[in-house]
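**Q** fold the stuff below for me.
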Amino acid sequence: MQGINRPILPPPIEIEDIMRSSSTRHIRKKSPKSPMFIKAKHQAFNSNRQISPFEKITSKKAICKNTLPGFLLTNQQIEDFRKVKNPKNKIISPCSVFTQKTESPMYVYNHGVVSSSHTHQKNPQGSASKLEIIEQIKTLVFDSDRSPEQIILRIGKLDLSISDLSSLKQEQPLTNNVMNAGLKYIKKRNKIRINFKKEPLERVYIISTQLCEKIFGETPCEEKLITKDLLKYDDILFPVFVGYWTLLVCSLGRKTIFYYDPIGIESSDKLMKNRLFNFLRQEIQLDESVIQSMFIKKLTYKNITESEVYDHVDSGIYILRQAFRLSLDRRAHVKPEYMNDFRYKLLYYLFKHGTKVII
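**A** Got it, this is the predicted structure:
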């Protein structure tokens, strides 16, 4: 026993010395019961602790990283693996050891509504209820015993009577009130969609039918009509009545005037351009030479006459459909066979977004 030379061991390292060492010199001193002190204590202990090869193989971390395939695991190993992967005893499917990854949701665009593919399913009950609502509205408006002058709906400051809403029947020309109400709805929805960034839409400003009468009347209007800054809008829409409804679209960004004429009888291109130039010169606060260079020399004019035949009573609903397409859904179809369906949809939209109903 005397011949055995025992190795001289270094003195034991105290926790206080470790806390003062360079590896932990940036840790603030806290009370022994504080979480930071306990964490630093464990870090210092683990940094000086040597892990044996057996512990490296059998540790929970190693089991998670280097586990055997499922078909080689015994029942006990599977249970141990589940305990490691699921320490909080959450429910795991008994058919598989590994958790299945869920697919990322796919977003579907359907008539201006963005919905997730996980939750978006065809719901005949929901569509039936919408149809029932439309039928109830049609009964209230078209088959009512009330006076035609009775107000039943209000869109902003605009009152709509039964007589106004009855113009949304098939083969009926729209009244000015319904035209303005439809344009108000489209304008409001365009603003909401842009604010919430639903989709990349152009900022649209729609002129009311009353102002269009002043702008494109026989005598040009010399007074300022609008307080808005029109240069911040991409498109300005003018519903113009020339015996039937037409739509003039001034696209400032594309430097183009589009004139939508569903009937194609009237030819007043020069008058439209002159009236539009007078209006822009009054409303846009720029030097006249700048206006001249912007809107006379560079502004092109495109007359869009439809090849398909439209009835003159559908000219109003045609203009609202074009405004809907330009402001809310560029993929919306504008064809004669869609006009009657859009009449009832517009009736539904007006009641859905109306601010006040008077019965």
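**Q** in its sheet, what does the helix or strand residue 238 falls within sit against?
**A** Using DSSP states H and E, residue 238 maps to strand 235-241. Strand pairing for strand 235-241, using DSSP bridges, gives strand 204-206 (parallel), strand 245-251 (antiparallel).
**Q** format the ones you listed as CSV; extra columns: mean pLDDT and distance to residue 185.
**A** (Glycine included, C-beta is placed from N, CA and C.) Converted to CSV, those look like this (pLDDT from 0 to 100; distance: least, Cβ to Cβ, whole Å):
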stretch, mean pLDDT, distance to residue 185
strand 204-206, 91, 10
strand 245-251, 92, 16
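**Q** so, low pLDDT: which residues of the stretch 101-250 of the chain?
**A** Where the stretch 101-250 of the chain drops to pLDDT under 70, the residues are 101-128, 197-200, 220.
**Q** show me where it has helices.
**A** 124-142, 162-165, 176-195, 209-215 (DSSP state H, counting those that start in this stretch).
**Q** return the most buried member of those.
**A** helix 162-165 (a mean of 21; mean count of other Cβ atoms under 10 Å).
**Q** what's next to that helix, contact-wise?
**A** 141, 144, 146-150, 152-153, 175, 177-178, 181, 347, 350 (Cβ atoms under 8 Å, 6 or more residues apart in numbering).
**Q** that older thread, tilt between the strand holding residue 238 and helix 176-195?
**A** 170 degrees (axes from the mean of the first three to the mean of the last three Cα atoms, to 10 degrees).
**Q** just give the number of residues close to residue 148.
**A** Residues near residue 148, counting by other Cβ atoms under 10 Å, number 11.
**Q** my guess is it contacts residue 166, does it?
**A** Yes - if you go by Cβ atoms under 8 Å, residue 148 and residue 166 touch, sitting 7.2 Å apart.
**Q** which neighbours do those two have in common?
**A** By Cβ under 8 Å, 6+ apart, no residue touches both residue 148 and residue 166.
**Q** what packs against the strand or helix carrying residue 280?
**A** Taking DSSP H and E as the criterion, the element that holds residue 280 is helix 269-283. Under the contact criterion of 3 or more Cβ pairs under 8 Å, 6 or more residues apart in numbering; DSSP states H and E, helix 269-283 touches helix 209-215, strand 245-251, strand 256-261, helix 288-292, strand 300-305.
**Q** can you list the strands that the last one pairs with?
**A** Translated: strand 300-305. strand 256-261 (parallel).
**Q** helix or strand: which one has the residue nearest to residue 314 when sequence neighbours are not counted?
**A** Excluding the flanking residues, the one nearest residue 314 by Cβ to Cβ, 6 or more residues apart in numbering is residue 339, at 4.8 Å. For residue 339, the enclosing helix or strand under DSSP H and E is helix 339-353.
**Q** list of residues touching that helix?
**A** By Cβ under 8 Å, 6+ apart, the residues outside helix 339-353 that reach it are 130, 133-134, 137-138, 141, 153, 155, 160, 165, 168-170, 181-182, 185, 188-189, 310, 314, 317-318, 320-321, 324, 357.
**Q** and the pLDDT for residue 348?
**A** pLDDT for residue 348: 91.
**Q** number of residues surrounding it?
**A** 16.
**Q** in the helix holding residue 339, what's buried?
**A** For helix 339-353, the neighbour count (16 or more other Cβ atoms under 10 Å) marks 339, 342, 343, 344, 345, 346, 347, 348, 349, 350, 351 as buried.
**Q** distance to residue 271 for those residues - can I get that in CSV?
**A** Converted to CSV, the buried residues of helix 339-353 look like this (distance: Cβ to Cβ, whole Å):
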residue, distance to residue 271
339, 28
342, 30
343, 31
344, 35
345, 34
346, 30
347, 34
348, 37
349, 33
350, 33
351, 38
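**Q** residue 264: which of those is nearest?
**A** residue 339 (16.5 Å; Cβ to Cβ).
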